[in-house]
Each structure stands twice: as C-alpha cells, then as structure tokens.
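Visitor: Quick check, what structure comes out for this input:
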Amino acid sequence: MASPEHAGAVVQNGAGAASFHTTSTATPLDAGSISARLDRLPATRSVWKLVVLLSLGFFFELYDLLYSGYVAPGLVKSGLLTATTHGLFGSTGVASFIAALFSGLFIGTIACGFLADRFGRRAVFTYSLLWYTAANVVMAFQETATGLNFWRFVAGIGIGVELVTIGTYISELVPKQIRGRAFACEQAVGFTAVPVVAFLSYLLVPRTPFGLDGWRWVVLIGAHGALFVWWIRRALPESPRWLAQQGRLAEADRVMSQLEARVRSEYGRELPPPAPSVPVAPRGSFRDMWVPPYRSRTLMMTIFNIFQTVGFYGFANWVPTLLIKQGITITTSLMYSSVIALAAPLGPVIGLFIGDRFERKTVIVVMAAVNIVCGLWFSQASGAVLLVSLGVCLTLAGNIISYSFHAYQTELFPTSIRARAVGFVYSWSRFSAIFTAFLIASVLKHFGTSGVFVFIAGAMLVVMLAIGLMGPRTKGLELEKISK
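Guide: So this is what the prediction gives:
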C-alpha cells in the first residue's frame, strides 16, 4: 500500500526483487524531503540489515587496524623488528611499524576523505576495503623492516579512507532515533575482531605452522575480508541523502521508495508522515568547515582526536608489551591480552541499550574519566586477576568512547561536507598516533608502565575539557537540524 505522501505501486524488477515506482508526489522532491522520509522510518529488519552489513565491513577493518600490538611480539621474535627503538624515530622497532600504519591512516583520512563526498559512499566503501586487503597480503611476505613498514603504510591509506566512509555511510542510512544504537551495533560487530585477532595471535604467533611465521598467518587470515566485499556491496544501496545532495533526486527517490516498501511490509501498517522538509546545503568545499557553526566544531574535534588517540591506542596497541614490562612472559602476556580483548565488543553492546538514551558528549566525558582512574591503577597492579580486570575496564571505557565519538563527529557536519570534514578532524588522531607510538616507546623505556599511564591520563583530561566545554548536544535531532 502506498503512503499518502508518496503514492506509487510495487512492481517486480528484472531480478524479481520488489521495487517501488513513484507515480505521483504530493510534496516537492528535494534533498530535505528525502531526509525527512528517511528519518520517519521505523527501525525494522531491513534498516538493521543495512547497519549489520556495514558493520561486517568494519569487522575486517578493525581486524587489520588492531592486529599490530598482537603480532608485535612475533615480529620481534622473528628478528624483523626490535622491541625498543634506537633513537626517538628509529625505523627498526615496533614503534616504527605502528607509526607506518598511522602515517598511512593520516594520508587516507586527510587527503582522501573527500573521495566519498565526490564518488559516493558505496563505491569508496568497496574499493578502499579491497585496497588495504591487497596491501596486507603483500606485507605478510616481507622479509625486511623497510618492506614491512612500507606495505603497512600502503594498507593504512585504504583503512583510513574506509574509516571515514563507513561512519558517514551509517549516519546517512539510518533514521535519527537509532543513530546512537546503529553506531553501537557497528562497533559491537567490529570489535569482535579484537578477541578474534588476540586469540589467533595467542595460538599462532609463538609458532611457525607449515614453516611460516605465526604472525604472517594472522595477517593472511584477515585478508579473507575481500571474499565478502562483493556480497556486502550487492546488498547495500547508495546513501539517498548523498544522492539527493548531489542533485540525483530520481535515484535518491528510487532508493527511498524501495526501502520504504520493504519497511512498510515489515512494519505491518502505514508509515508515519515525514516531518516538514529542512533545507539542505548545496555541494560544499573545504572552506565550509571554517565558517560558523562548523569552525568551532572542527577545532573541537581536531583537539579531541589528537588526544583521544593517546588513550585508546596507547593501551590497545601496547597491552602485550606493557604486560611483559610488568614481568609477564610473552606467552602469558598474549593469553592475558586475549582475555582482556574479550571485553572489546562488550562496550558497544552496552551502547545498544544506552546509545540513544544519553547525550554522546556526556558519555565521552564520563568514560574518559574512567580511563584515567583505571589506567593509573593498572600501572601499579601486579596480580593477574587485578591486571586483567583493570585491562577489561580500560577496554570497555575506550570502546564506549569509540562508538560514541564516531557517531558524534558524523552528526556535527552537513551532508555536503560530512565525509570531507570527518576525514579532516579524524586525520589528526592518525597524525597523533604516528608520534604517540614513538613517545610511548620512549616513556616506557625511561619511566616504565607508570610513566605511560601518567602520559595517557594527561591526554584524557584534555579530551574531557574539549568535549565537555565545547560540544553541542545532538541526541534525537535530525542531521539537518544539527547542521543549522
């Protein structure tokens, strides 16, 4: 049955799938009306299916992003890298491997974030995943630190583009009332990669199955994401918000009509009427980020991203090494890390229940405070149960911050510059991580684990101040209203 505001008929396309073709329209067809139609949709199975498909892409992305710390002991064992760095910016230590990744991430986010604004969310989501998968396969067969770092850098470019694109894609495909939970779902599915990669590292890194170093197996297993990418792509529509903003209104209308038809059949009754259309800005440019109200948001999220990286990756990428510094053996360290990693998806699972109940800025500030307390306590702990418990708390706090700010930063900018702006502000977390890796290696060498967590605590205090004092409220608001 056709809705009052959008009369039409359901027909079969050439593939036998139902599609909804418009015959008349009671309201003007523009970008604002497309957004209003999307925001009124109930969160049925079809809507959540889109979120889950994008979340599967995020799983493979996080697997590649976060295996660095878990394969690091194997890289040291094989003689390719050293645990510490000779000189602050030496190129043969674990820090250089981590820095190579984040150098690529920085380029991918700051220089290539515009690609999704120009070519569409769907195409860039697909090809960036294939890019970093291919680079990781090549990296797995490198025999020198230079080759290892170069291909980790190349993979980082693709991962950086993907990070920006997935967040933008999700924010534009879901109605406003489930944006927080959608990002929590994305992160919950994605962060299951952490216990997977931790467990595989525990099994494989100390060994050489079939004569191949265990760390290489961990990398190659992650490359299987390429087998799923085309299947995921076939089931994903282009963002109707992006299509409408590009002036491709007929395509946007077709995508929305098909989605409305599926949701209506699952909902079992007529869809609620859309809210009045909110004007949508035309195509944007880089300079649009520097006019009110986006200028203060750009500065706030740049400061936030520079410092949140210290807290998140300062622990996530270094947990096995930090445990070894606490006197734990390499095998036991990887086992403890695997247990801690089991908590990674639990933070976003909690978000499925609280994601749209609390302001995202409040959640970020509170969890940053938890990070400070647990981190300083971790640096003084020695017992296995306490170390693992505090590691779990740090992981939960970090991942709750992660899903919250990924949703938050996509909400702060309009569709015309969303991918470009998110890419710009997020790139500074990648830039920060380049130097964080070396700084933490140096602090760990000279001041031990306690020094590392004092360093992290200072960074998280800046996070609390930036978001707490400068962040606008976004809960339950239309993207277009937040952008006004």
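Visitor: Helices of the stretch 201-350 of the chain, residue ranges please.
Guide: 214-222, 225-234, 240-245, 249-267, 294-316, 319-325, 330-341, 346-354 (DSSP state H, counting those that start in this stretch).
Visitor: Show the secondary-structure elements that the helix of greatest length in the chain is packed against.
Guide: Secondary structure of the chain per DSSP state H: the longest helix is helix 418-470. Applying 3 or more C-beta pairs under 8 Å, 6 or more residues apart in numbering; DSSP states H and E, one finds that helix 418-470 contacts helix 94-110, helix 114-119, helix 145-173, helix 294-316, helix 319-325, helix 360-378, helix 384-411. (Each C-beta comes from the backbone N, C-alpha and C, glycine too.)
Visitor: how about these, which one is nearest residue 181?
Guide: helix 384-411 (9.3 Å; C-beta to C-beta).
Visitor: Put together JSON lines for the helices and strands packed on helix 418-470, with mean neighbour count on each row.
Guide: Below are these laid out as JSON lines (neighbours: other C-beta atoms under 10 Å):
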{"stretch": "helix 94-110", "mean neighbour count": "25"}
{"stretch": "helix 114-119", "mean neighbour count": "20"}
{"stretch": "helix 145-173", "mean neighbour count": "25"}
{"stretch": "helix 294-316", "mean neighbour count": "22"}
{"stretch": "helix 319-325", "mean neighbour count": "23"}
{"stretch": "helix 360-378", "mean neighbour count": "21"}
{"stretch": "helix 384-411", "mean neighbour count": "23"}
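Visitor: per-residue pLDDT, residue 339?
Guide: As predicted, residue 339 sits at a pLDDT of 78.
Visitor: The one residue sitting closest to the centre of the chain: what's it in contact with?
Guide: What sits nearest the mean C-alpha location of the chain, by C-alpha atoms, centre = their mean, is residue 163, with 5.1 Å. Counting by C-beta atoms under 8 Å, 6 or more residues apart in numbering, residue 163 touches 61, 65, 105, 108, 109, 426.
Visitor: can you check residue 379 too?
Guide: Contacts of residue 379 by C-beta under 8 Å, 6+ apart are 448, 449, 450, 452, 453, 454.
Visitor: ok, and the closest non-adjacent residue to residue 143?
Guide: residue 80 (7.6 Å; C-beta to C-beta, 6 or more residues apart in numbering).
Visitor: looking at it, that neighbour is touching residue 145, isn't it?
Guide: Yes - the pair residue 80 / residue 145 is scored as a contact, 5.7 Å apart, by C-beta atoms under 8 Å.
Visitor: residue ranges with poor pLDDT in this protein?
Guide: Residue ranges of the chain with pLDDT under 70: 1-28, 83-92, 281-283, 316-318, 320-321, 324-331, 334, 484.
Visitor: now residue 175: how far from residue 206?
Guide: Separation of residue 175 from residue 206 (C-beta to C-beta, to the nearest Å): 48 Å.
Visitor: returning to what we had before: of all the helices and strands packed on helix 418-470, which one comes closest to residue 474?
Guide: helix 384-411 (4.5 Å).
Visitor: Against which helices or strands is the closest one packed?
Guide: Helix 384-411 packs on helix 145-173, helix 179-191, helix 294-316, helix 330-341, helix 346-354, helix 360-378, helix 418-470, going by 3+ C-beta pairs under 8 Å, 6+ apart.
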